[in-house]
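Participant: the sequence isn't on hand, but the structure is:
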């Protein structure tokens, strides 16, 4: 079998440049907790809107941990849903971020900036009694309309790796 043809240097340079390009501005959010949080439960969207799934990510967070705004936005809800404190922030491009349990002193209409403390983890969480050694977590969801999105795509580069051919 013949060896694959080598790619021109200009093609390789172009691919390397694309692979190393900075994230688009829409992906330049920060973590909603101090530092890089451990993901306890990843995003697992349901196959159909009415089926079970995990419509966000659960991040390890002790009770009382500060919740930070990942990006600038406006508070659209702060209150109790079922038995958990929930904070919702609308951001540009029509996305809504939700955090629970997150108790906040912010009011609907308050503007927030990236990195601002917007609340604290407080109350029962999705992780209580869950993963070994995890006693508390912050659930972070992102929605566009009625569609749930993986929050990690806005803070981590989840684009596929680009493998380049070997030159012989």
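Facilitator: Good, I have the coordinates. A quick note: this is a predicted structure, and the numbers were derived from the prediction, not measured.

Participant: verify the stated contact: residue 40 with residue 58.
Facilitator: Yes. Using C-beta atoms under 8 Å, residue 40 is in contact with residue 58, at 4.4 Å. No exception for glycine: its C-beta is placed from N, CA and C like everyone else's.

Participant: what do these two both touch?
Facilitator: Any residue near both residue 40 and residue 58 by C-beta atoms under 8 Å, 6 or more residues apart in numbering counts here, and that gives 127, 137.

Participant: please identify which of these two sits among more neighbours.
Facilitator: For residue 40 versus residue 58, neighbours defined as other C-beta atoms under 10 Å are more numerous around residue 58 (25 against 20).

Participant: partner residues bridging the more buried one?
Facilitator: residue 41, residue 139 (DSSP bridges).

Participant: how close does it get to residue 44?
Facilitator: Note on residue 58: its distance to residue 44, by C-beta to C-beta, to the nearest Å, is 11 Å.

Participant: all helices of this structure, in order?
Facilitator: Secondary structure of the chain (DSSP state H): helices at 9-20.

Participant: okay, now the unreliable bits of it?
Facilitator: 1-27, 128-134, 157-161, 168 (pLDDT under 70).

Participant: for it, which residue is closest to the average position?
Facilitator: residue 151 (2.3 Å; C-alpha atoms, centre = their mean).

Participant: residue contacts, that residue?
Facilitator: Residue 151 makes contact with 43, 56-57, 70, 97, 140-142 under the criterion C-beta under 8 Å, 6+ apart.

Participant: you'd agree residue 104 is up against residue 121?
Facilitator: No. Between residue 104 and residue 121 there is no contact, the gap being 10.9 Å when judged by C-beta under 8 Å.

Participant: give me the residues contacting stretch 40-57.
Facilitator: Residues outside stretch 40-57 that contact it (C-beta under 8 Å, 6+ apart) are 39, 58-60, 98, 126-127, 130-131, 134, 137, 139-142, 146, 148-152.
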